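Visitor: following is a predicted model, sequence given first.
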Amino acid sequence: MSFKTVEPATTRLNRCELAVPGSSPRMFAKAAASDADVVFLDLEDSVSPDDKAEARKNVIGALRDVDWGDKTVSVRINGLDTHYMYRDIVDVVEQGGERLDLIMIPKVGTASDVYAVDMLITQIETAIGRKKRIGLEMIIETALGMQNIGEIAAASPRNESLHFGVADYSASTRARTTGIGGPNPLYGVLTDPDDAGRREYHWGDMWHYAISRMVVAARANGLRPIDGPFGDFSDEAGFRAHANRAAILGCEGKWAIHPKQIGPTNEVMTPAVAEVEKARRILAAMEQAKRDGQGAVALDGKLIDLASIRQAEAMVAQAEAIAA
Ligand code: GLV
Ligand code: MG
């Protein structure tokens, strides 16, 4: 291990993060009663410019009046390049009460963006005597944000999670797609011919680099990596495949942009019983190995060593946090 220790951010369950437009107050109660761990009330891209002020009022009302139970509640503010953003923070933090847990910053591009939001929130929290510190979630969804991701992740002690915003990221990088997430049949490899001259075409995952990069920056700074939206809410199999590969790469959660996606997200982001059972067996086998003075042993015909303990502990810790 490095001499530098990575302190984890405030821990919270963040499997399914449900997006709810601030301009649709009829959806608030249903979101509060849903199985999502986190709900974010949106003031940004799901709200048209004409509805921004009304959505802000709705969100403040929802923070004060809706019973959110034990959910984490977040508000996605508008980008720092708009004139909505300062009032989003001032009004929501001043008037929303203590129920607000997180502020989500979209299209974050530099560490200074986080600094500016942190500064504003800090002043308001102090002025109103807020008891609970608001945390920050940052959406990495521009080429600039991806370039500066390490500094962004380390920019504030309020930081809790990084999110991959595939739609804006595609626009910013000019990726050739108009879908929100999912594969593109043109992104693939053609194998060389085999002896019989047969060739196969394999689709690739064009988002692999972006998600892996985000996972690294998040974990290196003690933050939760969360995969963003998958637009085709009618395609459950496609959604599950998309969520699974994010989970396999280390993401702790994924957005739901439709209530239909909540159940599959929770399932995918909860380690399977068999996986957790195996992790517990690894821990038991390594305990025995330690007692026998060994650093590595075989379990089910496969090598396990001290690194396996850390892998297994991470999985068991996640399962226990979900079960708590
Ligand atoms: C989310 O905000 C995205 O752009 O995908
Ligand atoms: Mg976006």
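Guide: Noted; the coordinates are in hand. Residues are numbered from 1 along each chain as shown. Ligands and ions are numbered 1, 2, ... in the order given.
Visitor: got the contact list for Leu144?
Guide: By Cβ atoms under 8 Å, 6 or more residues apart in numbering, the contact set of Leu144 is 109-110, 172. For glycine as for every other residue, the C-beta is placed from the backbone atoms N, C-alpha and C.
Visitor: so is the host helix or strand of it next to ligand 2?
Guide: Secondary structure assignment for Leu144, by DSSP states H and E: helix 143-147. No - for helix 143-147, no contact with ligand 2 is found by Cβ under 5 Å from the ion; the gap never falls below 10.6 Å.
Visitor: for the helix or strand just after that helix, buried residues please.
Guide: Sequence order places helix 149-153 as the next helix or strand after helix 143-147, per DSSP H and E. Neighbour counts over helix 149-153 (16 or more other Cβ atoms under 10 Å) mark 149, 152-153 as buried.
Visitor: dump these to TSV, plus pLDDT and distance to ligand 2.
Guide: Converted to TSV, these look like this (pLDDT from 0 to 100; distance: Cβ to the ion, whole Å):
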residue	pLDDT	distance to ligand 2
Ile149	98	16
Ile152	98	15
Ala153	98	18
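Visitor: distance of the spatially most central residue of the chain relative to Thr142?
Guide: Note on the chain: the residue nearest the mean C-alpha position is Ile226, at 1.7 Å, using Cα atoms, centre = their mean. Ile226 sits at a distance of 17 Å from Thr142 (criterion: Cβ to Cβ, to the nearest Å).
Visitor: pull up the residues of the stretch 51-200 of the chain that are close to ligand 1.
Guide: 106, 139, 141, 165-168 (Cβ under 6 Å from any ligand atom).
Visitor: go again with 8 Å.
Guide: Applying Cβ under 8 Å from any ligand atom, we find that the stretch 51-200 of the chain lies next to ligand 1 at 76, 106-107, 139, 141, 163-171, 180-181.
Visitor: just checking, which of those residues belong to strands?
Guide: Residues of these located in strands (DSSP state E): 76, 139, 163-164.
Visitor: and Pro271, how many neighbours does it have?
Guide: Using other Cβ atoms under 10 Å, Pro271 is surrounded by 18 other residues.
Visitor: cool, and Arg174?
Guide: Using other Cβ under 10 Å, Arg174 has 8 neighbouring residues.
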